[in-house]
Every structure is written in structure tokens, then in C-alpha cells.
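> structure here, sequence nowhere to be found:
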Ligand SMILES: [Zn+2]
């Protein structure tokens, strides 16, 4: 593969390099497109392991939200750097994020060399003045990212969910997304309780409600989408909405159901994979998410063919790119696309053997884990080579994180 000006310019045998080119020896490694994590809350690395084995409602209301009230911009910056470090280490090159103090996440992404689509998470405050202030935060993030002038960092909208944002807020997000030509990430139908409360309060199921108010479109990236009827799935397809499937988080928080991914495919809904935040996963390792995705659907449907390895690898790469409207620029290794490339080491014990080179896709999904990643390249820049980081300094990041965790939670 020849890379120039951040793009893949040539693929094949006998590529001629010039003297100034950096050459990376790929022998004993497999090259894959950079992985796209379509849903996370990066800075929640700080809360990793803090509140495990709880139900979503209790987890959010009693553990996570009270702590998040005490977060500072500096803490979020530390958490985001740690998240970037972990993503580079495990082969994720592009991610979709929703959180607070996102300007500092943008800084971290810029420094790390990764690609990030960033939204300020909107949870409607009870009064109008605070609501206005929250909208200003979203607009300020958009301005900040414009000033940053780094094409790898993109602004998106992030209304938290249909149960924490009212109709007004949701439609405002839609309007801004159209104006800024970007997407809207939102949590949709994560639990059965959410559906029950929607039917009670809004007299409609979650997706039906979102359609009724005119929110659904091909700019919507719905995270989770676990508790859906077939007609809701079809509606998503009809409106061109996309889904970020987060199997590990759904299992850990015991959402109870399994997202109807095969039905989504049938309804032509692009489905990408997401880790969700590191507090409900607890890692950002998309290899782990790939395996869990393949397994959960097999176990649930009693059918080992329902979600095959190639399809899962596609979900983590090209389908993820489709979810964010970037399938023309990333998600596969083709001349003309951005050089977002990952090398996986086939000399690691858990990657041996590869039978006649033919089982490599299965090996990547079922045998590999993120620590088998050897080299991570984004936009033609090498962020990690031979497991050595080039843009971030791990000891520095870890020191920052430890200080932030002490300030936030105490010893
Ligand atoms: Zn989430």
C-alpha cells in the first residue's frame, strides 16, 4: 500500500517507493481498514469499573450522574486522552462521541491523531434559561471545532435520548444538523422500561414517536435500538436512519433483549458497532465487541450462521463508515480513500495458525483481541508502530488520569 498526502494512492505488488518514504514491514501481519466505533462516551474511562453490576436506571441515577456533576473540563481531557490511547492501541481509528466539556475532547483527539465525531450531550434541564444555555454549549462546540481547523475532528449533534430531551430540543438538533450538514447521535430504545414509559407518557413507541414529531431522517444515528418492534425497524429503514449496535453494553446493563440486527439488515438499515462508554463495557476494544456481536446473535437465535464473521468485520469498518456518512472516504482499503489502516500481528500465540491464509476473517473476529494490534495509521500518519505510540506519551497520560480520578472520586 502506498500512502501519499494522507490517502491510499496505490495497492498491490511491486510498489515503488522513493527514498524519503517511511517503509513499514508488514510481513507476518494482516492489514485491515481502521475500525469505526459508532457510539461511545470517551471520557468515561475515568469511571471504568466504578459502578458495575447495576441496573441502567440505578447505575445512571445513583452512581454515574452524581459523579458527572463534579466533572471538570480538565478531568474530561484526561479521560479522553486515556480513551484515545486505548483506541490507538486496539485499532480504532474513528469514533463517535457524546459527552460534556467536548472542547477538551476535541483537543485530545487533535493531539492523538485520531478521527472523532463529537457532540455535546444534551439532557434537557427543567427550566427555560438553562435550556437556552445548554443549546449555546452545542453551538459553542461547533464554533470551537471550526476554529480548530482540523478535518479529523467533526461536530455532530447529541440529544441524549427521547426521554431526556423534549420535542423542541430534538427538532432543534435536527435543524442544526441540517444547517451544519452533519449527523445527530441519540440513544434510542435501550431498555424495555424506556418503551413502557414512552407508551405511557407519549402514547407511542419510541421510534413511532420520533417519526411522529418529524425527527427521523438519514442524519440520525440511533445508539442501542434494542427494544424495537418489526414495524419500528422498518420505519428506521424507510427514513434512512442508522444504528450503532452496542452488544457488550446491552449485555452488561442487562437491557434484556437483543437488538434485532438481522431484521435491520432486511430493512436496509446500516448497522455499525459501538462499545458505548467505558463505564458500561468496560473497554474500548472493538475486537471484543466484534466477537460479542457475533456470539450474542448466534446464541439468541440458535443459529451459528445468522451473523457471520465477514459481516461483523464489515459492521466494524465499512458499515460503521456508512453510519456516519463517511463510506466514500474511510471504512475500506481502496485507492482514493483516506489512509486509516491497522496492522494485526499474526505472530502472537492466539493468532496461530492461519489455515492457508483462508481463515483470516474468522481469526480476526473470533481469535483476535485489541492487543494483537501492532500498528495504527490515521490519515496516513502513524500513531503507533510495533506497539510504540508516536503521538501520545502513555506515562504522561496515566499520570494525568490518576490525578483526575483522585480529584473526582478520592483515593
Ligand atoms: Zn451511550
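Looks like it came in fine. Note that the coordinates shown come from a computational prediction; the quantities given were computed from them, not determined experimentally.
> so residue 22, which of the three states?
coil (DSSP: H, G, I helix; E, B strand; the rest coil).
> that one reaches residue 382, doesn't it?
Yes - using CB atoms under 8 Å, residue 22 is in contact with residue 382, at 7.2 Å. Bear in mind the C-beta positions are built from the backbone N, C-alpha and C, glycine included.
> where's residue 391 relative to residue 134, distance?
Between residue 391 and residue 134 the computed distance is 32 Å (CB to CB, to the nearest Å).
> now residue 154: which helix or strand?
Secondary structure from DSSP states H and E places residue 154 in strand 153-155.
> the bottom helix or strand of the chain by mean pLDDT?
helix 56-58 (a mean of 82; mean pLDDT, DSSP states H and E).
> quick check: buried residues in that one?
Under the neighbour-count criterion of 16 or more other CB atoms under 10 Å, helix 56-58 has residue 56 buried.
> ok, residue 86 - contacts?
Shown in contact with residue 86 (CB atoms under 8 Å, 6 or more residues apart in numbering): 45, 278, 283, 284, 285.
> scan the residues you listed and report the most crowded one.
Neighbour tally across the contacts of residue 86 (other CB atoms under 10 Å): the maximum, 28 neighbours, falls on residue 284.
> that one falls within a helix, correct?
No - under three-state DSSP, residue 284 falls outside any helix and is assigned coil.
> what's the residue nearest to it when sequence neighbours are not counted sitting at in phi/psi?
Using CB to CB, 6 or more residues apart in numbering and skipping the chain neighbours, the partner closest in space to residue 284 is residue 86 (4.7 Å). Torsion angles at residue 86 (phi, psi; degrees, to the nearest 10) stand at phi -70, psi -40.
> cool, residue 341 as well?
phi -130, psi 140.
> that one pairs with what?
Here residue 341 sits in beta bridges with residue 33, residue 377, as judged by DSSP bridges.
> go ahead and confirm it touches residue 332.
No - contact status for residue 341 versus residue 332: not in contact, 10.6 Å apart, counting by CB under 8 Å.
> rewinding a little: next secondary structure after the least confident helix or strand of the chain?
Immediately after helix 56-58, counting by DSSP H and E, sits helix 65-68.
> take the contacts of residue 86 and lay them out in TSV including pLDDT and distance to residue 313.
As requested, the contacts of residue 86 are arranged in TSV below (pLDDT from 0 to 100; distance: CB to CB, whole Å):
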residue	pLDDT	distance to residue 313
45	96	25
278	93	23
283	96	19
284	98	18
285	98	15
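> among those, which two are most distant?
Using CB to CB, the two most remote members of those are 45 and 285, lying 12.3 Å apart.
> now the helices: where do they sit in the stretch 151-300 of the chain?
Assigned by DSSP state H, counting those that start in this stretch, the helices in the stretch 151-300 of the chain fall at 167-179, 192-201, 206-212, 230-239, 247-252, 261-266, 286-301.
> could you do the stretch 301-411 of the chain as well?
309-316, 318-323, 360-362, 394-409.
> just the residues contacting the longest one, thanks.
Spelled out, it's helix 394-409. Contacts for helix 394-409 (CB under 8 Å, 6+ apart): 45-46, 50, 67, 70-72, 74-75, 77-79, 81-82, 85.
> returning to what we had before: right, and the helices of the stretch 151-300 of the chain - which one's nearest residue 185?
Among those, the nearest to residue 185 by CB to CB is helix 167-179 (9.6 Å).
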